[in-house]
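In: how would this look folded up:
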Amino acid sequence: MTILELREKRNKTWETAKAFLDTHRNEKGTLSAEDDATYTKMERDIEDYGKEIARLERQAALDAELSKPVGEPIVNTPTGTKPEKSGRASDEYRKNFWNAMRFKSPDRSVIDALQVDTDTEGGYLVPDEFEHTLIDGLTENNIFRTLAKTVHTSGERKIPVVASHGTASWLDEEGAYTESDDSFGQITLGAYKLGTMIKVSEELLHDSVFDLQSYISGEFARRMGNAEEDAFLNGNGTGKPTGILNATGGAQTGVTSAAAVAITGDELISLYHSLAVPYRKNAVWLMNDSTVQAIRKLKDKNDQYLWQPSLVTGAPDTILGVPVKISRYMPEIGAGKKTIAFGDFSYYWIADREGITFLRLDELFRTTGQIGFRGSKRVDGKLILPEAVKVLQQKAS
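Out: Next up is the predicted model:
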């Protein structure tokens, strides 16, 4: 079944679900237990269609990437040779890096090659090609990185921020001008260490069929991507980045819900308008998947459902015409929780300190016949302008 056919089926199921809601609500505006079970099944079908659509879109993107030509035809006379890569980008470094990861005792040439850009504790900086693969993996496993702004730093990065703007005033003829200066602040992005360790059996490690590079890159990307996204949303700035939802340095509260475990359509509209107009142009909704499920039943004052499924390949679902992004690390609906964030997340800056490091651990797991691989990186993140993102916070109780 094609992506378009799946989208049409999902949209048809959604229209059926909406009609079912409209015709089966009782005088209290709720559903009976039997009708609720029927509607819940429709919701599960919508979610299943959505997951399959996303899976096929990822497959199509991968097919397109793998179908790209590996070379370009020569259309004129060559004028010179392609410059050789050096340092961590060189073929020799990449080959020797993976040789050292596989074998306990590399020969002298391997050790020499791996002394390029080593850290003081003996960790090997990742060769350029593998580092790029890992960053791509983080993007796939970390929805927040696709929304935020990423910068690369070699030390602390200090960002000047306009804290308040001056104003103009009306003057009488020959009247004195009133001073009104802008005030400035400063945000500092540092670096917090994020690390993980993978164990691989000696038999698997020395098996030439086993794709060590793909396994390590995928597993490290998954682990680091998950830890990063959690911190970018919920981090408290102590030993980790300051998250969007943190009380200090995080987003401003735009709306507090009237109920501890429910959200109304009017509250979503109020949250939308709590964000200043200039930030709405690139704004998105960010919430947990369970919150989306609750919002599917809500309507605006014109009796239109707020959530609208996308019919276009690659386009996201929308609420009030604005794209919806889902993160498992956004809190589920509960008393006092910040359940929805709405705004322009490009004002959240992620600072990647240059160099992802790896170290092979030969002796630590020797008795169990395993080899360890330790990877780490340094990263920070902060919301530069709190006014650029607003959150909906549930009533405390």
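
In: if I read this right, Y192 contacts K377, doesn't it?
Out: No: using CB atoms under 8 Å, Y192 is not in contact with K377; the gap is 9.7 Å. Every C-beta, even on glycine, is put in place using the N, C-alpha and C of the backbone.

In: Which one's more surrounded, these two?
Out: More crowded of Y192 and K377, by other CB atoms under 10 Å: K377, with 24 against 18.

In: give me the beta-bridge partners of that one?
Out: L194 (DSSP bridges).

In: Secondary structure of K382: a strand, I assume?
Out: Yes: assignment of K382 by DSSP: H, G, I helix; E, B strand; the rest coil places it within a strand.

In: wait, isn't it in contact with A251?
Out: No: contact between K382 and A251 fails when scored by CB under 8 Å: they sit 11.4 Å apart.

In: Tell me the spacing between T238 and D303.
Out: Counting by CB to CB, to the nearest Å, the separation of T238 from D303 is 47 Å.

In: before we move on, what about I198?
Out: Plainly put, I198 is 53 Å away from D303 if you go by CB to CB.

In: Which one of these two is surrounded by more residues?
Out: Of the pair I198 and D303, I198 is the one with more neighbours under other CB under 10 Å, namely 17 against 7.

In: contacting residues for the more buried one?
Out: The contact partners of I198, by CB atoms under 8 Å, 6 or more residues apart in numbering, come to I216, E219, F220, G372, F373, G375.

In: next one: Q308
Out: By CB under 8 Å, 6+ apart, the contact set of Q308 is D317, T318, I319, G321.

In: rerun that using 10 Å as the cut-off
Out: Applying CB atoms under 10 Å, 6 or more residues apart in numbering, we find Q308 in contact with N11, W14, D317, T318, I319, L320, G321, V324.

In: All the helices of the stretch 201-350 of the chain, residue numbers only.
Out: Per DSSP state H, counting those that start in this stretch, the stretch 201-350 of the chain carries helices over the ranges 202-205, 212-234, 265-274, 277-280, 289-295.

In: same deal with the stretch 1-150 of the chain?
Out: Along the stretch 1-150 of the chain, the segments classed as helices by DSSP H, counting those that start in this stretch run 3-24, 33-66, 91-102, 108-113, 128-141, 143-147.

In: which stretch in those is the model least sure about?
Out: Comparing mean pLDDT across those, the lowest value falls on helix 108-113: a mean of 46.

In: neighbours around D352, how many?
Out: The number of residues packed near D352 is 20, by other CB under 10 Å.

In: Okay, and the beta partners of it?
Out: Under the criterion used (DSSP bridges), D352 bridges to H152, V379.

In: From what I see, it and K149 are in contact.
Out: No: applying CB atoms under 10 Å, one finds D352 not in contact with K149, separated by 11.3 Å.

In: where do the contact lists of those two overlap?
Out: Common contacts of D352 and K149 (CB under 10 Å, 6+ apart): G381.

In: any weak-confidence spans in the stretch 251-397 of the chain?
Out: Scanning the stretch 251-397 of the chain for pLDDT under 70 picks out the ranges 355.

In: let's see 90
Out: The stretch 251-397 of the chain contains residues with pLDDT under 90 at 296-306, 308-317, 351-378, 384, 397.

In: All the strands of it, in order from the start?
Out: For the stretch 251-397 of the chain, the strands defined by DSSP state E, counting those that start in this stretch cover 252-256, 284-287, 307-308, 318-319, 322-326, 338-343, 348-361, 370-383, 389-393.

In: Among the ones you listed, which comes closest to L4?
Out: For the strands of the stretch 251-397 of the chain, the distance to L4 is smallest for strand 307-308, at 17.1 Å, taking CB to CB.

In: any idea how far S376 lies from Y192?
Out: 11 Å.

In: Most neighbours out of the contacts of I198, which is it?
Out: Counting neighbours by other CB under 10 Å, F220 comes out on top of the contacts of I198 with 26 neighbours.

In: So for that one, what's the nearest residue that isn't a sequence neighbour?
Out: G375 (5.0 Å; CB to CB, 6 or more residues apart in numbering).

In: Just to check, that neighbour is in contact with T357?
Out: Yes: using CB under 10 Å, G375 is in contact with T357, at 6.9 Å.

In: Pull the contacting residues for the residue nearest to L392 when sequence neighbours are not counted.
Out: Nearest residue to L392, sequence neighbours excluded (CB to CB, 6+ apart): I340, at 4.2 Å. Residues near I340 by CB under 10 Å, 6+ apart: 254-255, 257, 263, 267-268, 271, 285-288, 291-292, 295, 319, 324, 330-331, 333, 390-394.

In: before we move on, what about E229?
Out: Contacts for E229 (CB under 10 Å, 6+ apart) come out as L138, N141, N142, I143, F144, R145, G243, S327, R328, Y329, M330.

In: Distance-wise, check it relative to K240.
Out: Distance, E229 to K240, using CB to CB: 12 Å.

In: A231 too?
Out: In terms of CB to CB, A231 sits 4 Å off from K240.

In: Same drill for those two, tell me which one is more crowded.
Out: Using other CB under 10 Å as the criterion, A231 and K240 rank with A231 on top: 24 against 20.

In: pretty sure the more buried one contacts L194?
Out: Yes: in this structure, A231 is within contact of L194 by CB under 10 Å, at 8.1 Å.

In: Surely F220 is in contact with L138?
Out: Yes: the pair F220 and L138 qualifies as a contact (CB under 10 Å) at a distance of 9.0 Å.

In: Identify the contacts common to these two.
Out: I356, K377.

In: residues contacting I244?
Out: I244 is in contact with 144, 147-148, 232-235, 250-251, 286, 330, 338, 341, 343, 345, 348, 381-383, 386, 389, 391, counting by CB under 10 Å, 6+ apart.

In: Repeat the analysis, applying 6 Å as the threshold.
Out: By CB atoms under 6 Å, 6 or more residues apart in numbering, the residues touching I244 are L233, G250, A251, A341, L383.

In: and if you look at G250?
Out: Residues in contact with G250 (CB under 6 Å, 6+ apart) are I244.
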